[in-house]
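In: Provide a 3D model corresponding to the input given below.
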Amino acid sequence: MGIGSNRAVWLAALISLGCAVAAPQDLTRGVEKKTIAAGGTQQSYYLYVPDHAKKDPPMPLIVLVHGAGGDGLGQIEAWLPVAQDHRIILLAPNIRNSAADWDQLYDHPEWIRDAIDEVGRKHSVDGRRMYLWGYSAGCMFSFYFAFVESRYFAAAAVHGGVIENFKFQMADFAIRKVPIAYYIGTKDQWWTVQQTRATRDALAARAFPVHYVELNGADHRFLTRSEEITSDAWKYMKQFALDRDPQFDALDLGKIKSALK
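Out: Residues are numbered from 1 along each chain as shown. Now for the predicted structure:
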């Protein structure tokens, strides 16, 4: 897409900071690995669905986007306690570890919608309560995804990142002011609090609801504070629901690229 001209550099740096965490090999009960055809390729994701009966009310769903060098299973494991306590479906895409694959995700995230649709055909998903989470490289993508699909996700939460390349005009793609919970460690090795505050302020200036949290003494690693972060993020996001059925807006890549020059 060209919005991340330095993506290969920061992907390598983020991996060196420990974003890649070996995920458990044995899947927790209720967690499956799934594949889906998308644009001539096969994409994969991890899925957790709580036990439920047909008479139970529809369940909220959170899309979990991992960091560079990670995978969806690590995010599922971090979010499982919250999902089990609150009966939340978790869908965690796997993004291959290259700048080209992240670029492809920015240009064509539609397969994530297709995966959600597939889940919805088998399980009872509350379409007005679908949420987005992103960590590190996934944080940057989740800012973008929340902006371009602001009528699809009820709210978003992110940790360990900024709006990519500080292109704050990305936020102007949003038709709806999607609420965002935003977490950063005060000792993050990649981003300073001055940079994340600038991102926060750019959102606030555009009237986005922002729940901004600086984690005192925390570094870039999500898993060291995941219990605290996920609990607070869900407490914030669950307040919000779409006031109509979700709408996935087609991406106008020409317009986006022009706006981000």
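
In: ok so residue 84 is a helix residue?
Out: Yes: note on residue 84: a helix contains this position according to DSSP: H, G, I helix; E, B strand; the rest coil.

In: Output the below-cut-off pLDDT ranges for the protein.
Out: 1-26 (pLDDT under 70).

In: Compute the first-to-last residue distance for stretch 244-261.
Out: Looking at stretch 244-261, the gap from its leading to its trailing residue is 33 Å under the measure CA to CA, to the nearest Å.

In: Please enumerate the strands of the stretch 51-200 of the chain.
Out: 59-65, 89-94, 125-135, 155-159, 180-185 (DSSP state E, counting those that start in this stretch).

In: just the angle between the fourth one and strand 180-185, please?
Out: This points to strand 155-159. Computed by axes from the mean of the first three to the mean of the last three CA atoms, to 10 degrees, the angle separating strand 155-159 from strand 180-185 equals 10 degrees.

In: what's in contact with strand 155-159?
Out: 131-136, 138-139, 142-143, 145-146, 178-184, 222, 229, 233, 236-237, 239-240 (CB atoms under 8 Å, 6 or more residues apart in numbering). Where you see a C-beta, it was placed from the backbone N, CA and C, and this is true even at glycine.

In: quick one, it and strand 125-135 angle?
Out: With the same axes, to 10 degrees as the basis, strand 155-159 and strand 125-135 are set at 20 degrees to each other.

In: which neighbours does strand 155-159 have in its sheet, and in what orientation?
Out: strand 125-135 (parallel), strand 180-185 (parallel) (DSSP bridges).

In: how far is the shortest one from where the chain is centred?
Out: Okay, so that is strand 180-185. Averaged C-alpha coordinates place strand 180-185 at 12 Å from its chain's average position (CA atoms, centre = their mean, to the nearest Å).

In: circling back to that earlier point, PyMOL command to pick out the buried ones of the contacts of strand 155-159?
Out: Buried residues among the contacts of strand 155-159 (16 or more other CB atoms under 10 Å), as a PyMOL selection:
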select buried, resi 131+132+133+134+135+136+138+139+142+143+145+146+178+179+180+181+182+183+184+222+229+233+236+237+240
